[in-house]
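J.: prediction below, plus the sequence it came from.
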There are 2 protein chains.
Amino acid sequence: MSLHLSAFGKLSEAERNLIETVLKKRVRVLPARYDVVREGDESRVVHVVLDGWAQRYKQLADGRRQILTFFVAGDLCDPNVFVPRTMDHSISTITPVRLAEIPKPDFREMIQASPNIAQALWWISLVTVAIQREWTTSIGQRTAYERIAHLFCEMFVRLRTVGLTQGAACDFPLTQSDIAEATGLTQVHVNRTIQEMRRDGLVELRHRQLVLPDLDRLMSVALFSASYLHLDHIDKPMLA
Amino acid sequence: MSLHLSAFGKLSEAERNLIETVLKKRVRVLPARYDVVREGDESRVVHVVLDGWAQRYKQLADGRRQILTFFVAGDLCDPNVFVPRTMDHSISTITPVRLAEIPKPDFREMIQASPNIAQALWWISLVTVAIQREWTTSIGQRTAYERIAHLFCEMFVRLRTVGLTQGAACDFPLTQSDIAEATGLTQVHVNRTIQEMRRDGLVELRHRQLVLPDLDRLMSVALFSASYLHLDHIDKPMLA
DNA sequence: ATGCAGCATTTACATGCGTTAATGCACGCT
DNA sequence: AGCGTGCATTAACGCATGTAAATGCTGCAT
């Protein structure tokens, strides 16, 4: 998993088991469209998505909303284990989600027990901020068409990393409104643009299933380069 | 300094001295508009801006450029001390810059010697990514006017934190093209918009000097809330 | 003094994307 | 079967922002 602890570096069997144990200790099952943490909350636990999709978002005083990233299985939502901080953003589910909650003290203990796991946490922080930079770039510089294409590429590659693609297809539970809020566009324009992508034979999207018949061409249209995901160095995908 | 090591937590005299020593060990003076590290480079040292302005940016394959953040005195440019990674973005100066270079091994040593410094590094990572999220939100949701106003607010507050403001004024070496590349606008539209802000009495900007006669009103227009900078918990500003 | 060089400003015009609102479609509930 | 509810689609129109290119200004180098 792109942001999964176990995915980075070479962890021992014992370390993997430790992680699995901690992940299984406290698991919640949440409904779709459910707030996990809200801006302003104190952050006391670390969340890891075990199953389903979630999102990080920010809301302006007048209600405008920006989705900042999507989380899929294996993703660690808040890498700030060492800094007791009030949240400057919110996290909510998109689909129903199976979510592991790790109390920060447990997490710190785990890290003190294993420098490798500490290193893995730094990795996750690195990738998290790299993704955020790419989103800034996307919204700032890419056209609507390129932005949406880029989002499709990123999510497809991330899903593939954790084995959640089937050939050129994957589950894709985002509504066009979600895509709009993530790309800084309106829902109407997302609709127009996706239709154009369909006409161009780059995308099939219906019933929450995404098919990318020509990923290479899509990547090139989106000016997508996977390097910011830092997928090299990733160990075998392993899901909890 | 918003991203200065010494600024977070309560460090002992000895710890502060340690930081100062490491910062002074290798200092370079760079000209304006000079590349410090380029996308694709290996990252071997940690950079700290001692004086002047710099920027982080990303470039698309066809040359479009997005500025991702600005660095001012005290800012640590690359918090990824523990992850040997090729850079997914570039860093360059804006003005002439006095820059400290800390070899990663030295930095790790310093961290092992002091848990407080390790904690400070986590703080910096937190603020760095929080700023990046705010920029994504800004470009995605705010209008041109709000975006530019927000940038002015952020930089003014950050400069004030390190004592680089004089009343309502501060040095502000960005060209309108820089502002355009940071906000995802064109230089022409930045010019139009700043003129509007001048007419509204919110901004005076000329000869690289910025004056914000009514910061409160500007913040409210920009929907600016400083919470994402996590300035509480910051110690007394201290510059090297 | 002159002249270049880098920025800022202005103008005229084009367009990508936003806004509003109606309509359609599919699925789940009763 | 019928209805309600979320989403997707379509349409008409407007505007914020982009594009292109000329002009002006200011400071610096010679």
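T.: Structure received.

J.: tell me how far the spatially most central residue of chain A lies from chain B.
T.: Central residue of chain A (C-alpha atoms, centre = their mean): A:Phe71, 2.8 Å from the mean position. Per C-beta to the nearest C-beta, to the nearest Å, A:Phe71 is found 14 Å from chain B. Backbone N, C-alpha and C define where each C-beta goes, glycine included.

J.: for that residue, give me its contacts.
T.: With contacts defined as C-beta atoms under 8 Å, 6 or more residues apart in numbering or on different chains, the neighbours of A:Phe71 are A:Leu3, A:Val49, A:Trp53, A:Ala54, A:Gln55, A:Arg56, A:Cys77, A:Ile91.

J.: tell me which element the second one falls in.
T.: What it means is A:Val49. strand A:45-51 (DSSP states H and E).

J.: list the buried ones in stretch A:31-46?
T.: Buried residues in stretch A:31-46, counted by 16 or more other C-beta atoms under 10 Å in any protein chain shown: A:Val36, A:Val37, A:Glu39, A:Ser43, A:Val45, A:Val46.

J.: secondary structure class for the first one?
T.: When the structure is split into helix, strand and coil by DSSP: H, G, I helix; E, B strand; the rest coil, A:Val36 lands in strand.

J.: what is the nearest residue to it once chain neighbours are set aside paired to in the beta sheet?
T.: Closest residue to A:Val36 apart from its sequence neighbours, by C-beta to C-beta, 6 or more residues apart in numbering or on different chains: A:Ile91 at 4.4 Å. A:Ile91 has these beta-bridge partners by DSSP bridges: A:Val37, A:Arg56.

J.: isn't A:Ile91 up against A:His47?
T.: Yes. If you go by C-beta atoms under 8 Å, A:Ile91 and A:His47 touch, sitting 6.9 Å apart.

J.: settle it for me: which of the two has more neighbours?
T.: A:Ile91 (24 against 21; other C-beta atoms under 10 Å in any protein chain shown).

J.: what about the strand holding A:Val49, distance to the chain center?
T.: In terms of C-alpha atoms, centre = their mean, to the nearest Å, the centre of strand A:45-51 is set 11 Å apart from its chain centre.

J.: just name the closest of the contacts of A:Phe71 to B:Gly167, please.
T.: Proximity of the contacts of A:Phe71 to B:Gly167 (C-beta to C-beta) peaks at A:Arg56, which lies at 37.5 Å.

J.: out of the buried residues of stretch A:31-46, what pair is the most spread apart?
T.: With C-beta to C-beta as the measure, no two of the buried residues of stretch A:31-46 lie farther apart than A:Glu39 and A:Val46, at 17.5 Å.

J.: circling back to that earlier point, got TSV for the buried residues of stretch A:31-46, with distance to DNA strand C and pLDDT too?
T.: As requested, these are exported to TSV (distance: C-beta to the nearest atom of the strand, whole Å; pLDDT from 0 to 100):
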residue	distance to DNA strand C	pLDDT
A:Val36	23	96
A:Val37	27	96
A:Glu39	22	95
A:Ser43	31	90
A:Val45	31	95
A:Val46	33	96
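
J.: residue contacts, the residue nearest to A:Val36?
T.: Contacts for A:Ile91 (C-beta under 8 Å, 6+ apart) come out as A:Asp35, A:Val36, A:Val37, A:His47, A:Ala54, A:Gln55, A:Arg56, A:Tyr57, A:Phe71, A:Cys77, A:Asp78.

J.: got the confidence number for the fifth one?
T.: Same thing as A:Ala54. Looking at A:Ala54, its pLDDT is 98.

J.: which non-adjacent residue is nearest it?
T.: Leaving aside its sequence neighbours, A:Ala54 sits nearest to A:Phe71 (C-beta to C-beta, 6+ apart; 4.3 Å).

J.: next: the fourth one.
T.: Of all residues beyond its chain neighbours, the one nearest A:His47 is A:Cys77 (4.1 Å), with distances taken as C-beta to C-beta, 6+ apart.
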